[in-house]
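# Here is my input; please provide its structure:
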Amino acid sequence: MSPVGGWRGNDEGVDLYALPPEEFTAARDAAAKEDKSLKALRKPSVSAWVVNTLVRREPALLDQLVELGASLREATSAGQGDQLRELTEQRHQLVQAVTAQAVGFVERDITPQVRTEVAQTLEAAMADPSSAQAVQSGQLVRALSYAGLGGVDLEGAVADLPKPKAAVRKDASKKLQKLESAALDAQGALDDAVRLAERTSQAYDVADKATEATAREVGRGEEQTEALRQQLKEAEQELQTARSRHSKAAKDLEELQRKAERATKAVAEAQDAADATRKALDAARRS
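Numbering: from 1, shown residues only. Here you go, the predicted structure:
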């Protein structure tokens, strides 16, 4: 829950929005002598004052209302009909009970209209989270009303109280601490970036040297590849020459084979002729 607080002067110690409406104006004007900005603060309506008193006296009751409202919204979103009906009945009973408690705190006669406005304000706090924060501030200026659709009109519903000087100094100190922390974080990030840049530069130098060495290896590889290509080309030429020689030798061999066959045939024919001549000679001698 948001902390309850109003303007408290250094001497008076007055919480303006805890005062009954009839005492508000005089106390505000007195406080404005110390801080002129307080002069613009609006007097709360009676119903708003009743709710502010409830927040100061029994904040736990308002917490119950807000928690029940959250449960109602969850049940509505989930479409849980039985639970929604049960919670709706609880809401009605709780609003009536808390309204009666709030009216009892102020110890004065309250009109039905004011009672209705108090109940409507509590209904709005249950239905709308922003309205709940406004009510829990304890600085309502007027009653709230929730129509059942959309949000609640909060324009001018909560007092715009200036912060006490001590709070301003505290906020300034917190802001300074945040700035100092941010500066330290930024310096740390810068140091990390510098170290990263140094490591990156070193890694680049190593990679550059490795690239140069690789480039030299590539150059040697290209030279070796070119030499191998030349050797392959020469080997292919020699192979072609050898194939040509082999083809010619094969043709010459075939021609020699044909000549050998013809010579063999001629020898056989000559042998036959010699045999026939010898036989004829032998026959002539016998006769």
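# From residue 275, how far out is residue 244?
47 Å (CB to CB, to the nearest Å). C-beta coordinates here come from the backbone N, C-alpha and C atoms, glycine included.
# scratch that, residue 148 is what I was asking about
Distance, residue 148 to residue 275, using CB to CB: 144 Å.
# Of the two, which one has the most company?
A count of neighbours by other CB atoms under 10 Å puts residue 275 above the other of residue 148 and residue 275, at 10 against 6.
# what helix or strand is that one on?
helix 165-286 (DSSP states H and E).
# Give me the below-cutoff pLDDT ranges for the stretch 151-287 of the chain.
162-173, 175-176, 179-184, 186, 188-197, 200-201, 203-204, 207 (pLDDT under 70).
# helix/strand/coil for residue 144?
Here residue 144 is recorded as coil under DSSP: H, G, I helix; E, B strand; the rest coil.
# from memory residue 51 sits against residue 122, does it?
Yes. Using CB atoms under 8 Å, residue 51 is in contact with residue 122, at 7.4 Å.
# and the two? which has more neighbours close in?
For residue 51 versus residue 122, the count of surrounding residues by other CB under 10 Å is larger for residue 122: 30 against 27.
# And for the residue lying closest to that one once chain neighbours are set aside, the neighbour number?
Spatial nearest neighbour of residue 122, excluding adjacent residues (CB to CB, 6 or more residues apart in numbering): residue 95 at 5.2 Å. Close neighbours of residue 95, defined as other CB under 10 Å, add up to 20.
# Report the buried residues of the helix or strand hosting residue 95.
Per DSSP H and E, residue 95 falls inside helix 81-106. For helix 81-106, the neighbour count (16 or more other CB atoms under 10 Å) marks 84, 87, 91, 94-95, 98-99, 102-103, 106 as buried.
# Now residue 158. Its backbone dihedrals?
Backbone torsions for residue 158, taken as degrees, to the nearest 10, come to phi -120, psi 140.
# Confirm for me that it is in contact with residue 137.
Yes. In this structure, residue 158 is within contact of residue 137 by CB under 8 Å, at 5.7 Å.
# Stretch 63-76: how far from the chain's middle?
31 Å (CA atoms, centre = their mean, to the nearest Å).
# I would like the residues contacting it, please.
Stretch 63-76 is contacted by residues 1, 83-84, 87-88, 90-91, 94-95, 98, 122, 125-127, 129, 132, 136 when judged by CB atoms under 8 Å, 6 or more residues apart in numbering.
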